[in-house]
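Colleague: I need the structure of the sequence given here:
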Amino acid sequence: MNITTVSLPLSQIKDVLWISDLTIEALKHWHDVRMELVVITDRRPESLSRLFSSLDQAKYMGDEQVELTIHMEQSADGVTQQVVKDFQWQHGNKRVRHRIRKGGLMPAIVESWYPSDNNHYGILLEDDIELSQLFYVWAKYNILKYRYSNEKDYKSIYGVSLYSPRNLELLPEGRKPFDPAPVLKTSGYNSHSPYATQIPCSWGAVYFPEHWRMFHTYLTERVEKEDNWKGYYNITVPQSRSSKWTKSWKKYFIELTYLRGYVMVYPNFKGFESFSTNHLEYGTHVKDNGRTNSKVKEFMVPLMKENSILQQLPQGKLPLFDQLPLMDLWGRVKTMRELKDIGSKWHTRVSTCPNKSGFDPSDILCPFEENVLKAKKKKQMLT
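Modeller: Numbering: from 1, shown residues only. The predicted structure follows:
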């Protein structure tokens, strides 16, 4: 008989009281879950030091093989490289990668992690992120609850956010402040229930292996064709600002979430208390004149210091997946059936192949003949 033994540091037992909420089947997978911490950095040594400090102080519940992989951009300066070299990681293997040619933010993120199997999860962290000491606790609780308690759940959930957004970014008219509490209350949910939305988080999040692997396959084909023949595909998301983004990996991930009806679980505690925050520091998407105090306040959120996860969750536990509030890309409450139907209907506008669902994106990558002909003709005219 196989028996799963869970050994916890005495000081962290109080942080794992949610273990009683898990099914026996989920508990059997306690040691199967492998979360890899993936840090992407360039020339922000002070920011990186702050992130390292928050990683070092986090609670890992006795997990001894938490891999840390650090990706340095080609332009990473000497101070940044020294910070990386000096950081001592006590919770597993530490690996360092350094680019020899500047790749830009999209490949830096997308190529930073690839799952080795379906129990391998990636926590993607840019260097201006800071973490709560409870981020790993929140991540593992969600993974065990939604991935291993009921095998059907994982197909629709593609990840778990550590961050609680204060804004909606995809509205056609531009970014707007967002508070999920009144939206949920109006729809009959507890105003501080966690919720799941189609929007991917880039400011601290766990990504699930099947969905990330699918994203790689999709993006590889999408970018290759578009690099050679602009306009080859007719893949867009209606009424979404992301369709105009040219350098963001999230543009392409959003296409998948919209067409497949996938969602990411988000925390929703009082005062936007979160497990990660972004310091909005200068970089690819934040220029010198873009980091005003008012803008920082729009994006920074307080980190959870004392563990109040169960005290703040409605009924003292994560809701079952079929009781979890769901939202679309624009912060509107929907059912899973509605999200799937909307994506399926739009599928006919972007692809000639029937919608097959599942983790194979090939049915999305069937271009219309007129698009292919126009794209190739345009290239001929330019050469």
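
Colleague: So what's the residue count around the spatially closest residue to Glu130 that is not a sequence neighbour?
Modeller: Spatial nearest neighbour of Glu130, chain neighbours left out: Ser54 (5.1 Å); criterion: Cβ to Cβ, 6 or more residues apart in numbering. Where C-beta positions appear, they are placed from N, C-alpha and C, glycine not excepted. With neighbours defined by other Cβ atoms under 10 Å, the count for Ser54 comes to 19.

Colleague: Name the SS class of Ser54, please.
Modeller: Counting by DSSP: H, G, I helix; E, B strand; the rest coil, the backbone at Ser54 sits in helix.

Colleague: tell me the contacts of it?
Modeller: By Cβ atoms under 8 Å, 6 or more residues apart in numbering, the residues touching Ser54 are 130-133.

Colleague: in this protein, what spans have low per-residue confidence?
Modeller: Within the chain, the ranges that satisfy pLDDT under 70 run 1, 151-153, 282-294.

Colleague: Tell me if I'm right that Ser193 and Lys317 touch.
Modeller: No: at 11.1 Å, Ser193 does not count as touching Lys317 under the criterion of Cβ atoms under 8 Å.

Colleague: Settle it for me: which of the two has more neighbours?
Modeller: Between Ser193 and Lys317, Ser193 has the larger neighbour count (other Cβ under 10 Å), namely 19 against 16.

Colleague: check contacts around that one.
Modeller: Neighbouring residues of Ser193 by Cβ under 8 Å, 6+ apart: 184, 268, 313-314, 319, 324-325.

Colleague: can I get the contacts of Ser54 in CSV with distance to Val84 and neighbour count?
Modeller: Shown next, in CSV, are the contacts of Ser54 (distance: Cβ to Cβ, whole Å; neighbours: other Cβ atoms under 10 Å):
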residue, distance to Val84, neighbour count
Glu130, 17, 19
Leu131, 17, 25
Ser132, 23, 25
Gln133, 22, 20
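
Colleague: so which of the contacts of Ser193 would you say is closest to Trp18?
Modeller: Of all these, Trp18 sits closest to Leu313, with 8.5 Å by Cβ to Cβ.

Colleague: Pull the number of nearby residues for the closest one.
Modeller: Leu313 has 21 neighbouring residues, counting by other Cβ under 10 Å.

Colleague: Can you tell me, leaving aside adjacent residues, what's nearest to it?
Modeller: Computed as Cβ to Cβ, 6+ apart, the closest residue to Leu313 that is not its neighbour in sequence is Pro194, at 7.2 Å.

Colleague: ok so, going back, as CSV, the contacts of Ser193 with distance to Ser248 would be great.
Modeller: Below are these laid out as CSV (distance: Cβ to Cβ, whole Å):
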residue, distance to Ser248
Leu184, 28
Asn268, 25
Leu313, 32
Pro314, 34
Pro319, 31
Leu324, 27
Pro325, 26
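
Colleague: Any chance of TSV for these, columns secondary structure and distance to Ile364?
Modeller: Shown next, in TSV, are the contacts of Ser193 (DSSP: H, G, I helix; E, B strand; the rest coil; distance: Cβ to Cβ, whole Å):
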residue	secondary structure	distance to Ile364
Leu184	helix	31
Asn268	coil	31
Leu313	coil	36
Pro314	helix	36
Pro319	coil	31
Leu324	coil	26
Pro325	coil	27
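
Colleague: of all the residues you listed, which comes closest to Trp203?
Modeller: Proximity of the contacts of Ser193 to Trp203 (Cβ to Cβ) peaks at Asn268, which lies at 15.4 Å.

Colleague: these two touch, right, that closest one and Ser164?
Modeller: Yes: taking Cβ under 8 Å as the definition, Asn268 is a contact partner of Ser164 at 6.3 Å.

Colleague: any idea how far the residue nearest to Glu130 is from Asp360?
Modeller: Ser54 sits 37 Å away from Asp360, going by Cβ to Cβ, to the nearest Å.

Colleague: which residues sit in contact with Ser116?
Modeller: Counting by Cβ under 8 Å, 6+ apart, there are no residues that Ser116 touches.

Colleague: Just the CA trace of the biggest helix by length in the chain, in CSV.
Modeller: When the chain is parsed with DSSP state H, its longest helix is helix 209-228. Taking C-alpha atoms only, helix 209-228 is exported to CSV below (Å, rounded to 0.1, in the frame of the first residue of the first chain):
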residue,chain,number,x,y,z
PRO,A,209,2.2,22.6,-18.1
GLU,A,210,-0.3,21.5,-20.7
HIS,A,211,-1.4,25.0,-21.5
TRP,A,212,2.1,26.4,-21.6
ARG,A,213,3.2,23.6,-23.9
MET,A,214,0.2,24.4,-26.1
PHE,A,215,1.2,28.0,-26.1
HIS,A,216,4.7,27.2,-27.3
THR,A,217,3.4,25.2,-30.2
TYR,A,218,0.9,27.9,-31.1
LEU,A,219,3.3,30.8,-30.8
THR,A,220,6.1,29.0,-32.8
GLU,A,221,3.9,28.4,-35.8
ARG,A,222,2.1,31.8,-35.5
VAL,A,223,5.3,33.9,-35.3
GLU,A,224,7.1,31.8,-38.0
LYS,A,225,4.3,32.4,-40.6
GLU,A,226,3.8,36.1,-39.6
ASP,A,227,7.5,36.8,-39.9
ASN,A,228,7.5,35.5,-43.4
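
Colleague: oh, and call the first residue 177 from now on, that's how I've got it
Modeller: All set: I'll call the first residue 177, so the last point we hit is now helix 385-404.

Colleague: Determine the three-state secondary structure at Val382.
Modeller: Under three-state DSSP, the three-state class of Val382 is strand.

Colleague: Tell me how many other residues crowd it.
Modeller: Counted with other Cβ under 10 Å, Val382 comes out at 25.

Colleague: Which residues are in contact with it?
Modeller: Contacts for Val382 (Cβ under 8 Å, 6+ apart) come out as 211, 297-299, 315, 318-319, 335-338.

Colleague: Can you tell me how far it is from Arg323?
Modeller: 10 Å.
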